[in-house]
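Enquirer: sequence-free structure coming up:
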DNA sequence: TCGTACCTTGACCATCTGGTCAACAATTTA
DNA sequence: TAAATTGTTGACCAGATGGTCAAGGTACGA
């Protein structure tokens, strides 16, 4: 997760010289700011978010927010870095030794539940990528690409062994990502079109996705 | 497509009294503005777009843009209204008389090709819905909801007739939307992760989606 | 040709917003 | 406790941006 290194300003703002030890107060306030900023950025996008909103949401003054993060962009980078690993980690769990269809369905299910439980993270990335990924492009080009290529090889191995339908591995990953993140990113649309309870909504989503994936991926 | 009526300001700005006939120049310039605004809004979102950018892209002065559309929001509404019908029309083509899996796959294919050919429209809606659909929520709640419910009934009929796997119709539609629009909305990510040509990218996407859908939906 | 209505824009204004700074408060350290 | 470091904020600034307006230009019917 090298996003951290990409943006030098994402640390403590007041300290310009070498890396000093972080105070308790620093850690606490930076965490509060990042948590507040996730809300604001994921709702309004980078440009639509204001430092004032973030400060208000974090319960402190704008000047104080900019004391910890010199620039608005630094807050944004910190939020992305803080969220990115959690958001993408499950992919790493795909086990080449496991049963392909079980592994893939478990991955999809985990992503679907994450979309429900932490939609902010999903919308944060959706916004970032919609704008052309100006900040996390370096990460996409290097670490995410390496991870995805590794997992594509795993999937291809399954296909070659006749344990999985002959899909294009990369596009299977895209399919799982899109189908699950949709429930977070397009929540407003889904709320408008759904008539049932949220509970049964997600139950139906799981059922349908499981059915299509398990049948669609059978060799 | 009643979005037009929702925003009174989306017509000619200078004329405040009743509906007068539109000049040739009016029609031409409004079309130029809407086309330019689609580019700008889809790239930067509502808040990130500036009237100056739109004016520059349309080849006229900012003041002139605001002569035809009194408010920035009016431009935005006009762009949404102009794009919405084209973007959602294919769903209406689902023929209850046709073969279910063929019909659904043709619909998915059409959406996938639209994502490739006119990604701006997709990204425009993605931005709008990510922000909570502040402008098109009334449309979602009424016309889109009615259309989707109608199509869900069609799908349910197919299921009841044993011609289709027992999925939740609404979620099947979500699956098709998400899997296809993903290629437009997340283009930046896809570009970063793809190593092949764009041609083979979309060929693989079609092949994988067809395989999973046709197998996954078989009764 | 003339007059009217429509078109176009540079200059301008009010507001919003990211960022700075000096002054003061709290906390840690010697 | 005294000094020094760290934390906090109201006031302020500069640039960006949505929107207005008066003044002048252009098309078009009578």
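Expert: In hand now; what should we look at? The model shown is predicted, which means the values in this text are computed figures rather than measured ones.
Enquirer: OK, contacts around the residue of chain A found nearest chain B?
Expert: The nearest approach of chain A to chain B comes at residue A:216, 3.1 Å away (Cβ to the nearest Cβ). (C-beta placed from N, C-alpha, C; glycine too.) Residues in contact with residue A:216 (Cβ atoms under 8 Å, 6 or more residues apart in numbering or on different chains) are A:165, B:211, B:212, B:213, B:214, B:215, B:216, B:217.
Enquirer: how about 10 Å then?
Expert: Applying Cβ atoms under 10 Å, 6 or more residues apart in numbering or on different chains, we find residue A:216 in contact with A:101, A:165, A:167, A:172, A:175, B:165, B:208-218.
Enquirer: Would you tell me whether stretch A:144-157 gets close to chain B?
Expert: Yes: Stretch A:144-157 reaches chain B (Cβ under 10 Å from any Cβ of the partner chain) through A:144, A:145, A:147, A:148, A:149, A:152.
Enquirer: typo on my end, it should be stretch A:170-178
Expert: Yes: using Cβ under 10 Å from any Cβ, stretch A:170-178 reaches chain B at A:170, A:171, A:172, A:173, A:174, A:175, A:176, A:177, A:178.
Enquirer: related to what we said a few turns ago, in strands, which of the contacts of residue A:216 appear?
Expert: Mapping the contacts of residue A:216 onto strands (DSSP state E) picks out no residues; all lie outside.
Enquirer: Return the residues in contact with residue A:75.
Expert: A:9-10, A:30, A:33-34, A:36-38, A:40-41, A:46, A:49, A:51, A:54, A:65-66, A:68-69.
Enquirer: and it, how far is that from residue A:62?
Expert: 11 Å (Cβ to Cβ, to the nearest Å).
Enquirer: repeat for residue A:26
Expert: 18 Å.
Enquirer: More neighbours: those two, which one.
Expert: Per other Cβ atoms under 10 Å in any protein chain shown, whichever of residue A:26 and residue A:62 has more neighbours is residue A:26, with 18 against 15.
Enquirer: which of the residues in the helix or strand hosting the more buried one are buried?
Expert: Per DSSP states H and E, residue A:26 falls inside helix A:24-48. Across helix A:24-48, burial judged by 16 or more other Cβ atoms under 10 Å in any protein chain shown covers A:26, A:29-30, A:32-34, A:36-48.
Enquirer: can you narrow the residues you listed to ones near DNA strand D?
Expert: Filtering the buried residues of helix A:24-48 for neighbours of DNA strand D using Cβ under 7 Å from any atom of the strand leaves A:26, A:29.
Enquirer: From the buried residues of helix A:24-48, list the ones also adjacent to chain B.
Expert: Among the buried residues of helix A:24-48, chain B is touched by A:42, A:43, A:44, A:45, A:46, A:47, A:48 when using Cβ under 10 Å from any Cβ.
Enquirer: ok now do the residue nearest in space to the middle of chain A, which residues does it touch?
Expert: Centroid check for chain A by Cα atoms, centre = their mean gives residue A:87 as the closest residue, at 3.7 Å. With contacts defined as Cβ under 10 Å, 6+ apart, the neighbours of residue A:87 are A:80, A:111, A:114, A:118, A:121, A:122, A:124, A:125, A:181.
Enquirer: and the gap between it and DNA strand C?
Expert: According to Cβ to the nearest atom of the strand, to the nearest Å, residue A:87 and DNA strand C sit 24 Å apart.
Enquirer: how near is that residue to residue B:173?
Expert: 26 Å.
Enquirer: Report the closest residue of chain A relative to DNA strand D.
Expert: In chain A, no residue comes nearer to DNA strand D than residue A:63, which is 3.0 Å away by Cβ to the nearest atom of the strand.
Enquirer: name the element that residue belongs to?
Expert: helix A:62-68.
Enquirer: quick one: the helix or strand just after that helix to helix A:24-48, angle?
Expert: Sequence order places helix A:72-92 as the next helix or strand after helix A:62-68, per DSSP H and E. Orientation check (axes from the mean of the first three to the mean of the last three Cα atoms, to 10 degrees): helix A:72-92 against helix A:24-48 gives 90 degrees.
Enquirer: pLDDT on helix A:72-92, on average?
Expert: On average, the pLDDT along helix A:72-92 is 94.
Enquirer: Can you give me the buried ones in it?
Expert: A:72, A:74-84, A:87-88, A:90-91.
Enquirer: Domain parsing of chain A, as residue ranges.
Expert: Listed domain ranges for chain A are A:3-78, A:93-217 (source: automatic domain parsing).
Enquirer: so where's chain A uncertain?
Expert: A:1-21 (pLDDT under 70).
Enquirer: quick one: the helices in it?
Expert: A:3-6, A:24-48, A:51-58, A:62-68, A:72-92, A:100-117, A:119-130, A:137-139, A:145-160, A:169-185, A:187-193, A:198-217 (DSSP state H).
Enquirer: what residues does chain A put near DNA strand C?
Expert: Going by Cβ under 7 Å from any atom of the strand, the residues of chain A near DNA strand C are A:23-25, A:49-52, A:62-63, A:66, A:70-73.
Enquirer: ok, 10 Å please
Expert: A:9, A:13-14, A:21, A:23-25, A:40, A:44, A:46-55, A:61-67, A:69-76 (Cβ under 10 Å from any atom of the strand).
Enquirer: picking that back up, so what's the residue of chain A closest to chain B closest to, chain neighbours aside?
Expert: residue B:216 (3.1 Å; Cβ to Cβ, 6 or more residues apart in numbering or on different chains).
Enquirer: And for residue A:49?
Expert: Residue A:49 sits nearest to residue A:40 (Cβ to Cβ, 6+ apart), 4.5 Å away.
Enquirer: Let me see the contact set for the one you found.
Expert: A:46, A:48-58, A:75, A:79, A:120.
Enquirer: try it again with 6 Å
Expert: Counting by Cβ atoms under 6 Å, 6 or more residues apart in numbering or on different chains, residue A:40 touches A:49, A:53, A:54, A:57.
Enquirer: Take those residues and lay them out in TSV including neighbour count.
Expert: Below are the contacts of residue A:40 laid out as TSV (neighbours: other Cβ atoms under 10 Å in any protein chain shown):
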residue	neighbour count
A:49	23
A:53	18
A:54	27
A:57	18
